[in-house]
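1. Need a 3D model of the sequence below.
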Amino acid sequence: MPESYIDRLKKALHEGWKQFFDVLLPDDRQRLVELLRAAYLEEVEDLTQFAQHIERLPYPHFRERLLRIAEEERAHVMWLREKLVALGGEVPAVNVAPKPAKNAWEALMMDLEEEKRSYENLIEALHIAEQADPEIAEGLRRIREEERQHREEILDMLTKSDPYTLPHDSAPGASWEGRLQRRGEQP
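-> The predicted structure follows:
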């Protein structure tokens, strides 16, 4: 049976879009690989820092919480490594020295800042992944949400270790961003 006009049109449109994406995606994929490499390095740095800071925490329940967070960070590192390899990217060599902290409170403040930075730095990778690879985008969304939860937990530990640092709102679902905004500060 001869090919209909609609079938030829569909085929031409498909080929046209395929050519468009074949041109577009290599750059997006390359940029995604670069951003995943940066996220990988950042997560390894966080993991190294957490390992050092766990030892500094005076309260066993804080050490357990930070250890659980470190395990989730380790899962992020492994996932990012897997995705880098799947995209044909090279896993970067890592040689990270943790930043020194004077005490446990300062260590937690450093950890809070690292988690905030990790959360923010995933935005561009997530945006590109949404276009180039939806599966990776979903994984980055999950990691980003876990980074947000880690910040909440670390802030909770900070406020419990020194209740005068930030106001502690014990209402369920109260976020640290909300507490800072009520004080007129930016998260």
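
2. helices and strands around the strand or helix carrying residue 127, which ones?
-> Residue 127 is part of helix 104-132, with elements assigned from DSSP states H and E. The elements that helix 104-132 packs onto, with contact taken as 3 or more CB pairs under 8 Å, 6 or more residues apart in numbering; DSSP states H and E, are helix 5-56, helix 134-161. C-beta coordinates here come from the backbone N, C-alpha and C atoms, glycine included.

3. okay, and the helix or strand of this protein with the least pLDDT?
-> helix 176-182 (a mean of 51; mean pLDDT, DSSP states H and E).

4. so who does the residue nearest the centre of the chain touch?
-> The centre of the chain sits closest to residue 144, judged by CA atoms, centre = their mean, with a distance of 4.2 Å. Residue 144 makes contacts with 119, 122, 123, 126, as judged by CB atoms under 8 Å, 6 or more residues apart in numbering.

5. make it 10 Å
-> For residue 144, the contact set (CB atoms under 10 Å, 6 or more residues apart in numbering) comprises 39, 118, 119, 120, 121, 122, 123, 125, 126.

6. would you turn the helices and strands packed on helix 104-132 into TSV with mean pLDDT and distance to residue 102?
-> Shown next, in TSV, are the helices and strands packed on helix 104-132 (pLDDT from 0 to 100; distance: least, CB to CB, whole Å):
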stretch	mean pLDDT	distance to residue 102
helix 5-56	78	10
helix 134-161	94	14
